[in-house]
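Asker: Structure for the following, please:
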Amino acid sequence: GETGAPADTALHGGAYVKGDRAYLPYSGGGFVILDISDLSRPMMVSDLPFSPPFASRIAVHTALPLTGRPLVVVNSEAIAERCDEPLQFAAIIDVGVETRPRLISLFPLPIPPEDAPYRSFADRPGRFGPHNQHQPQYQEILYQDENTVFITWFNAGLRVYDISIERQPREIGYFIPPDPVERRGPLPKTGLVVQSEDVVVDARGNVYLSDKNHGIYVLRFDRGSLSVVTTSTATATPAMQALVLQAFGAPLQLMEVPRPAVGPNDVLVKVGACGVGLTVVNLLATPGRVDRYPRIPGHEIAGEVVEIGSEVRTVAVGTRVTNHFYLTCGQCHNCRRGRETLCLATGGNIGQNRDGGYADYVSLPARNVVAIPDGVSDVDAAVASDAIATPFHACLKEAKLGPGDSVMVIGAAGGVGIHMIQMARLCGARVIAVDVGAAKLEFVRGVGADVILDASAGDLAAQVMAHTGGLGVDAVIDIVASRLTLGSALASLAIGGRLVIVGAQPPTVYQDDPSFLVDPIRFLHRGLEVHASRYVTLAEIERTLALVRDGRIRAIVTQVVGLAQVPALHEAIRRGETLGRVAMTRGARD
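Answerer: Numbers count the residues shown, from 1 in each chain. Model prediction:
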């Protein structure tokens, strides 16, 4: 700007010419009218400053004069995310007396839908404020209606206003694109939410809305309403249904979101089934587990590969696959020696640090997928990848069960526990199953447990000693891992016994108090061991799937629901009301 001009004075939006006048949005310098009757010597007619009190950086981004009315529609541009700046606005200026332009009205701020999980768009990440308007620029192919204004509002989407009463603009329609699930640019920085940028409307009423991470949405405008025509354009991706977690503590929302992008080392899987278990329930209840929002949970996935990345050579389109839960590097010391669950450069977990399988499609690293053998259903494969593979590792590698051994399984009626019973018996061990409640105890009896104990019936260790002639058990596999169960597990071990910890409670359960106490002398004299069973290897998933294919172990799935019913299933799991494993399948009715 010229000497003495306000801070951030700069011509930002395009000049709009009307006769021998040019209307200019000069950012921090305000709204300017120039006399351009002599193009060699443009002259200032007037300047209406907006900063202060409004934002200084781009206080006026766009200035759109109406051809048949002495009015100009102006708007600012939001720059700072999370509203860390003065009020952003859209307004109408009366230029009937052009030497004294007057601000006569402000457009109403967008209000979230009633079912939105936030009180205001100001509560969301990203920018809350306008960016641009539909600008006909005298082109007959574009929509011309001086009573209707289209404005993009970044994280509030597209808003449509009736300005037939210029001193009282009113909103008559809006469209808020779904939040993206894949980042395609650096903005927004504070969270991956919608960022609607620009809008143009053709003479037929077709609305073209651009979004920072989506591409182009094509909408249809009929007076007072907006409808989606397509979200598939040259730069946008096809849509899909997914359960999306928008923030910690928010309910899962069934939404239409873009289909995930496929990187050079990824595969796109059309989801056939996804396991639903306690891991996701604990994830939703534990702060800090999800690295960023929005996030699609679900990590026990099975389906068909429908697209592969340019560098993928290990799997072909059409292959049915399940997946490994952990995102590993494959190159570090632990990965190279077959301990990938202890990866030193881990990227986290599917469904926590990368979108998961509560969706129609999921993009997975090719290194994470395992082919499903013929004869194994999607539901059984999804369950096998975790709820059966975990017992495989726990029983064979950690508890080291063999013929004649005795093992106690705590939490035996759950989705992992029932398969732990089967796996232990497959190893030749005698199984003592522990849970609470008559229905659960009867359920595990049908799975093949040799002894069933009710943990609520008194001292669990004393019950074990009574059933083992005072010897104790060779191994305890604790899937519950509460202070009470861990203490009982240690007290129930025979000489040389092994405690294998498979599950865990949310971290808050263990705060301010040790999970269990260890007597070093007792450990030394009895030769006791404690093992942490941390998921499985890719090879163990393959061996588990072979056991399922050969009928040597059976996937026990007691409920299969559609995507919309998963939140209700989570609540049933949280209350301990489910038996065995439960799953979501895209073939089930919602």
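
Asker: what comes into contact with the helix of greatest length in the chain?
Answerer: Using DSSP state H to define each element, the chain has its longest helix at helix 538-549. Contact partners of helix 538-549, identified using Cβ atoms under 8 Å, 6 or more residues apart in numbering, comprise 322, 324, 338, 340, 368, 370, 372-376, 380-381, 384-385, 388-389, 392-393, 397, 426, 536, 553-555. From N, CA and C alone the C-beta is placed, and that goes for glycine too.

Asker: give me that answer again for 7 Å
Answerer: 322, 324, 370, 372-373, 375-376, 380-381, 384-385, 388-389, 392-393, 553, 555 (Cβ atoms under 7 Å, 6 or more residues apart in numbering).

Asker: what do you get for stretch 156-172?
Answerer: 71, 92, 104-105, 107-108, 110, 121, 128, 147-153, 173-177, 194, 196, 199, 209, 221, 224, 226.

Asker: Now do the contacts for residue 570.
Answerer: Residue 570 touches 280, 281, 284, counting by Cβ under 7 Å, 6+ apart.

Asker: Give me the phi and psi for it.
Answerer: phi -60, psi -40 (degrees, to the nearest 10).

Asker: quick one, helices of the chain?
Answerer: 278-285, 333-336, 378-383, 389-393, 417-426, 438-447, 460-467, 483-491, 520-526, 538-549, 566-574.

Asker: Distance of residue 331 relative to residue 338?
Answerer: 13 Å (Cβ to Cβ, to the nearest Å).

Asker: Likewise for residue 136?
Answerer: Taking Cβ to Cβ, one finds residue 136 at 65 Å from residue 338.

Asker: More neighbours: which of those two?
Answerer: Shown here are residue 136 and residue 338; by other Cβ atoms under 10 Å, residue 136 has more neighbours (18 against 11).

Asker: ok, now which ones touch the more buried one?
Answerer: So residue 136 contacts 142, 143, 144 (Cβ under 7 Å, 6+ apart).

Asker: Pull up the pairing partners for the strand ranked longest in the chain, direction included.
Answerer: Longest strand in the chain, counting residues (DSSP state E): strand 266-276. Under the criterion DSSP bridges, strand 266-276 sits next to strand 301-308 (antiparallel), strand 361-365 (antiparallel), strand 581-585 (antiparallel) in its sheet.

Asker: So for residue 256, which of these sits nearest?
Answerer: strand 361-365 (12.4 Å; Cβ to Cβ).

Asker: and the closest one, average pLDDT?
Answerer: Averaged across strand 361-365, the pLDDT comes to 95.

Asker: who touches that strand?
Answerer: So strand 361-365 is contacted by 240, 259-262, 265-271, 301, 323, 327, 350, 355-356 (Cβ under 7 Å, 6+ apart).

Asker: Which residues does stretch 499-514 contact?
Answerer: 282, 285-286, 390, 394, 398-399, 411, 416, 475-482, 489-490, 493, 530-533.

Asker: how about that stretch: buried residues?
Answerer: 499, 500, 501, 502, 503, 504, 505 (16 or more other Cβ atoms under 10 Å).

Asker: circling back: so for the longest helix of the chain, what gets flagged as buried?
Answerer: Quick answer for helix 538-549 (16+ other Cβ under 10 Å): 538, 540, 541, 544, 545, 547, 548, 549.

Asker: Give me the distance between the last one and residue 299.
Answerer: Distance from residue 549 to residue 299, counting by Cβ to Cβ: 22 Å.

Asker: now do the fourth one
Answerer: Shown here: residue 544 relative to residue 299, a distance of 16 Å by Cβ to Cβ.

Asker: one step back: and the contacts of strand 361-365, which are buried?
Answerer: Of these, these count as buried by 16+ other Cβ under 10 Å: 240, 259-260, 262, 266-271, 301, 323, 327, 350, 355-356.

Asker: got any ranges where the stretch 51-200 of the chain has weak pLDDT?
Answerer: Applying pLDDT under 70 to the stretch 51-200 of the chain flags the ranges 56.

Asker: Which residue lies nearest to residue 52 in three dimensions, sequence-adjacent residues excluded?
Answerer: residue 86 (7.4 Å; Cβ to Cβ, 6 or more residues apart in numbering).

Asker: Now for that neighbour: which residues touch it?
Answerer: Residue 86 sits in contact with 53, 54, 55, where contact means Cβ under 7 Å, 6+ apart.

Asker: Low-confidence regions, the chain specifically.
Answerer: Those would be 1-7, 56, 223-238, 513-515, 587-590, if you go by pLDDT under 70 across the chain.

Asker: Pop the domain breakdown of it in here.
Answerer: 16-239, 240-371+556-585, 395-532 (automatic domain parsing).

Asker: closest one to residue 8 among those?
Answerer: Of the domains of the chain, nearest to residue 8 by Cβ to Cβ is domain 16-239, at 3.3 Å.

Asker: what distance separates the start and the end of the closest one?
Answerer: By Cα to Cα, to the nearest Å, the extent of domain 16-239 from end to end equals 37 Å.

Asker: How about residue 367, nearest residue that isn't a chain neighbour?
Answerer: In space, residue 367 is closest to residue 330, 5.8 Å off (Cβ to Cβ, 6+ apart).

Asker: now residue 200
Answerer: residue 208 (5.2 Å).

Asker: what's the answer for residue 271, then?
Answerer: Per Cβ to Cβ, 6+ apart, closest to residue 271 is residue 303, 4.5 Å.

Asker: quick one: contacts for the one you found?
Answerer: 269, 270, 271, 272, 378.

Asker: With residue 288 instead?
Answerer: The contact partners of residue 288, taken as Cβ under 7 Å, 6+ apart, number zero.

Asker: before we move on, what about the one 3 residues further on?
Answerer: Residues in contact with residue 291, defined by Cβ under 7 Å, 6+ apart, are 348, 353.

Asker: How about the contacts made by the residue most central in space within the chain?
Answerer: Centroid-nearest residue in the chain, with Cα atoms, centre = their mean: residue 295, separated by 0.9 Å. Contact analysis of residue 295 by Cβ under 7 Å, 6+ apart lists 245, 355.

Asker: Roughly how far does it sit from residue 245?
Answerer: Taken as Cβ to Cβ, the span from residue 295 to residue 245 is 5 Å.

Asker: And residue 586, by the same measure?
Answerer: 19 Å.

Asker: okay, those two: which has more neighbours?
Answerer: Each of residue 586 and residue 245 has its neighbours counted (other Cβ under 10 Å); residue 245 has more, 22 against 19.

Asker: what's the distance between the closest residue to residue 566 other than its chain neighbours and residue 247?
Answerer: Computed as Cβ to Cβ, 6+ apart, the closest residue to residue 566 that is not its neighbour in sequence is residue 584, at 5.2 Å. In this view, residue 584 and residue 247 are 22 Å apart by Cβ to Cβ.
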